Each structure stands twice: as C-alpha cells, then as structure tokens.
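Participant: Predicted model, plus sequence, below.
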Amino acid sequence: METPTTAQGTWLSAEEAGFLTAGPRRAAETVLARLIDTGLVRVSRDGLVSAVHQNGQGATTSVEARMLSHAQTPVRFDTIVQSIARSTEVADLYRHLFSRRLMQVPRRRGDGWWFSLAVAGMLTLAGFVSPAFFVGVPVALCFSFLQYGRSPVTKAGKEALKHVTAHDRVHAVALHGFTGKVGGQNVGELFDLPQSVVKMIPPKAHKAGKRSKADGGGCGAASSCSSCGTTSSGCGGCGGSSGSSCGGSSSCGGGGGGD
C-alpha cells in the first residue's frame, strides 16, 4: 500500500493518500478497498461486509485490523466506513500525517477577509498623501491573512498528493472514492460492486488541493474537525493528543463530507 511520492522522500500509503484527499471517511473507504482487493472481506449483493477470517489475519495496518474486527459479523457497507472513519485508529492516522507536516490545523475563512484587504489598499493610497497611514497597512493585511483561512492539508501534503496516481483500484478509491470515476468508469465497478451498494456512501468529495477556500471544515474534506485543533484525541481522524470536546461524535467523523 506504499506509494513513493516526492523526490525528497515523502511516502504515502493508500489510506494516507485517501485521508489527504478527502478526510477520514475517504481513508476508511480506502482501507475497505484494500481488504476487498486482497480477499480479506466480502461484500454481499445487498451491501453487507463480512470478514473472511475470524482472527484478523492479513491486516497490515491498525486501521485494517480495526475494520476486520468490526466485520466479524456482517455490517452494512456505509456503516463500516462511517464507523472506521470515527475510530481511534483513524485519529492516529491524522496525528501521523500532522507530525509529518502534511496536515495542519485549518482556519475558517471569514466573510470579511476581502474588506480588510480593501482597507489595506485604501491605507496604501492614503499613505502617499500622508505617510502616517502606512502604519495601518500591515495591520489590515494581517487581519486579512487571518480571516482568509487555510486548508487542513499543507503545501507539502498537496505536493505529495500530486505524485499519487490511480495506478490500481485501491488507489483509485483513495483519490476518487467508491462513488467516483476513473477513465469514465465507475470506481465501484472495479470491485464488481453494484451501484445500489456504492450509493450507500453519499458522493460528496472535494480534493484538498482544489478547494476554492479553506473553510476550516475538517481534514481533507471532512466536515468539522477544525474544532478539535491539534489536541483532541477523540475526534475521529482529526485529533491530536488530548481533550474531550469531540468524543467520537459524528461532527468529527468521516460522515460529514470527508469521503
């Protein structure tokens, strides 16, 4: 599941690429894709996921082990994805990406960022008349910068993602999700999954590097992990190390847009 990315030696596993692309839910989808790909789980025609072995055999990461454990009894396709997206193991995956400086605490873009920028422009013009106005320019620019927001994925993370390709069906899920398309073909079809099963997962994906604004809405494209900052272990895929405001609630899981 390892994919070399940059010349500087940055490596991403498929589940890491999935998380950077669209948050914890996409990471969970990617893990499920790998388990299907290796024959460790089966998906029935009515969308029930079940582990082939009862001892967790074949797991290569802690997230995979958690998913195999969860699938010891049949569980719905969408339910297992959402559950794993909110798991402690996916939170650990986020912390790992954060420690590698591939992710950062996102900042919500304020509605008035452009106003501060406009004020900076007016102060600059006024400064040519009275130099005293120049003093306010850096202050206005600072406010504009703080209000502009930033993506949860760092520049290094986005650069690493540029080198990840859908060269196999697991990475196709990491980059596009089960509901996406590769070369005009539905990704779910690569796994012989009927559309009725694939559509259990709401199609809501936004590549981190292509988002029009950093709305502070989560990790990758997850919905609301920004409230966890870097110190909340309970946020499913967005935590840091301590704190309890997020718990295991849906506000920090992968069900709110981080597919």
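Facilitator: Perfect, I can see it now.

Participant: export stretch 66-82 as CSV, just CAs?
Facilitator: Listed next in CSV are the C-alpha coordinates belonging to stretch 66-82 (Å, rounded to 0.1, in the frame of the first residue of the first chain):
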residue,chain,number,x,y,z
ARG,A,66,-9.9,-2.5,13.3
MET,A,67,-12.1,-2.9,10.2
LEU,A,68,-11.5,-6.6,10.1
SER,A,69,-12.5,-6.9,13.8
HIS,A,70,-15.7,-4.8,13.0
ALA,A,71,-16.6,-7.1,10.1
GLN,A,72,-16.5,-10.3,12.2
THR,A,73,-20.3,-10.1,11.9
PRO,A,74,-21.9,-8.7,8.7
VAL,A,75,-22.2,-5.0,8.7
ARG,A,76,-23.6,-2.5,6.2
PHE,A,77,-21.2,-1.1,3.6
ASP,A,78,-21.8,2.5,4.6
THR,A,79,-21.9,1.8,8.3
ILE,A,80,-18.5,0.2,8.5
VAL,A,81,-17.0,3.1,6.5
GLN,A,82,-18.5,5.7,8.9
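
Participant: how does the protein divide into domains?
Facilitator: What automatic domain parsing lists as the domains of the chain is 2-106+153-252, 113-148.

Participant: Check these for me: which has the lowest mean pLDDT.
Facilitator: For the domains of the chain, the stretch scoring lowest in mean pLDDT is domain 113-148; its value is a mean of 64.

Participant: Not including adjacent chain positions, what is the nearest residue to R66?
Facilitator: Nearest residue to R66, sequence neighbours excluded (C-beta to C-beta, 6 or more residues apart in numbering): E89, at 4.7 Å. All C-beta spots, glycine's among them, are computed from the backbone N, C-alpha and C.

Participant: I'd like to know how far that neighbour sits from L68.
Facilitator: In this view, E89 and L68 are 11 Å apart by C-beta to C-beta, to the nearest Å.

Participant: which residues of the stretch 1-150 of the chain fall in helices?
Facilitator: Using DSSP state H, counting those that start in this stretch, the helices of the stretch 1-150 of the chain run over 14-22, 24-37, 62-70, 77-85, 88-99, 113-127, 136-148.

Participant: Which of those sits closest to K155?
Facilitator: Comparison of the helices of the stretch 1-150 of the chain against K155 by C-beta to C-beta identifies helix 14-22 as nearest, at 12.0 Å.
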